[in-house]
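1. I would like to see how this sequence folds:
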Amino acid sequence: MPSGLYIAASGMDSTITRENVISNNLANLSTVGFKQNRAVDVAFPTYLIARLHDQKMKVMDGTAELRPNIGFMGGGVVPQEVATDYSQGSRLATNNPLDFALTGPGFFSVLSPEGKTFLTRAGSFSLDGNGRLVTEDGLPVLGHNGEIYIDGTKVTADEEGNLTVDGKALDQLLVVRVRDENQLFKVGHSLFEATPQNKIDMSPDDIQVQQGFLEQSNVNAIREMVNMIEVSRSYDLNAKVVSLYDQVLGEASSQIGALRA
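-> Alright, predicted model coming up:
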């Protein structure tokens with residue numbers, strides 16, 4: 001089977017993965033705190049192609065065959081991973097005292113129904129029926145003293161996340177920083193889970209909390225649309241190569257059958 005057929009097929013498989021990633025980014029263009037993904041491909045080794053059985057020339061110790069180099073041929077690609085881009089998103093002023101945005105590589109801590117601690121950049125919080133500070137999905141937001149209950153009317157927060165209700169100190173938002181963001185895993189709804197091996201700093205000093213703001217998605221719509229066009233063209237080109245190989249192989253098999261007859 002011609003290697004070019006496999007190379008083109010691997011290109012089609014890779015572009016499908018990239019297309020799915022780009023589509024998900026565009027779908028979350030307006031999702032608060034969303035971090036875009038990037039499909040990373042790894043290339044197979046390239047090969048140096050030389051022409052065989054060319055003219056021969058006599059040398060001192062015998063006859064040598066000349067092999068002019070034709071060029072290099074790639075070995076195709078395969079999707080290696082889908083990486084997350086944790087760059088800062090733009091901020092939107094809401095003037096809502098329960099909206100918070102982070103400046104710096106930190107995360108809010110929330111509690112899952114199973115008791116796990118998840119991390120998020122989405123600071124669009126509200127109060128449930130019991131006065132508990134929760135996310136848009138109803139997950140409790142954690143402070144250094146546990147779940148945060150607010151019983152009052154005026155909520156203020158400083159840059160360190162210290163909460164004050166009606167002039168009285170309440171708690172401090174549990175804002176953490178992970179040692180290696182590449183060891184975080186998306187669990188949906190702009191939530192991340194850290195691996196047990198990932199060291200977490202519970203009191204980082206280089207992260208600021210901004211009350212009355214929300215961090216928007218870091219997806220650039222124009223760039224993603226350009227990427228989508230490039231992926232579509234790449235898929236079409238590889239598909240044409242596969243179709244060409246199919247046509248050539250079909251004609252070759254027909255001619256071989258005719259010669260045997």
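2. Check which helices and strands the helix or strand that contains Ser109 is in contact with.
-> In this structure, Ser109 sits in strand 107-111 according to DSSP states H and E. Packed against strand 107-111, as judged by 3 or more Cβ pairs under 8 Å, 6 or more residues apart in numbering; DSSP states H and E, are the following elements: strand 117-120, strand 142-143, strand 175-178. For glycine as for every other residue, the C-beta is placed from the backbone atoms N, C-alpha and C.
3. Now do that strand, average pLDDT.
-> Mean pLDDT, computed over strand 107-111, is 97.
4. Restricting to C-alpha, output it in CSV.
-> Provided in CSV are the C-alpha atoms of strand 107-111 (Å, rounded to 0.1, in the frame of the first residue of the first chain):
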residue,chain,number,x,y,z
PHE,A,107,-8.2,29.8,40.9
PHE,A,108,-11.2,30.0,43.1
SER,A,109,-12.0,26.8,45.1
VAL,A,110,-15.4,25.2,45.0
LEU,A,111,-16.9,22.0,46.5
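5. How confident is the prediction for Gln255, by pLDDT?
-> Looking at Gln255, its pLDDT stands at 73.
6. just Leu142 next, same as before
-> For Leu142, the pLDDT comes out at 97.
7. Check whether it really touches Ile148, as I assumed.
-> Yes - with contact defined as Cβ atoms under 8 Å, Leu142 counts as touching Ile148 (7.3 Å).
8. list residues touching both of these two?
-> Jointly contacting Leu142 and Ile148 under the rule Cβ atoms under 8 Å, 6 or more residues apart in numbering are Leu173.
9. residue ranges for the helices of the stretch 151-261 of the chain, please.
-> In the stretch 151-261 of the chain, the segments counted as helices under DSSP state H, counting those that start in this stretch are 221-260.
10. where does it have low pLDDT?
-> Low-confidence segments of the stretch 151-261 of the chain (pLDDT under 70): 256-261.
11. and Gln255, what does it touch?
-> By Cβ under 8 Å, 6+ apart, no residues touch Gln255.
12. Would you mind measuring from it to Phe118?
-> 63 Å (Cβ to Cβ, to the nearest Å).
13. centre of the chain versus the helix or strand that contains Ile70, how much separation?
-> Using DSSP H and E, the element containing Ile70 is strand 69-73. Using Cα atoms, centre = their mean, to the nearest Å, the distance from the centre of strand 69-73 to the centre of the chain it belongs to is 35 Å.
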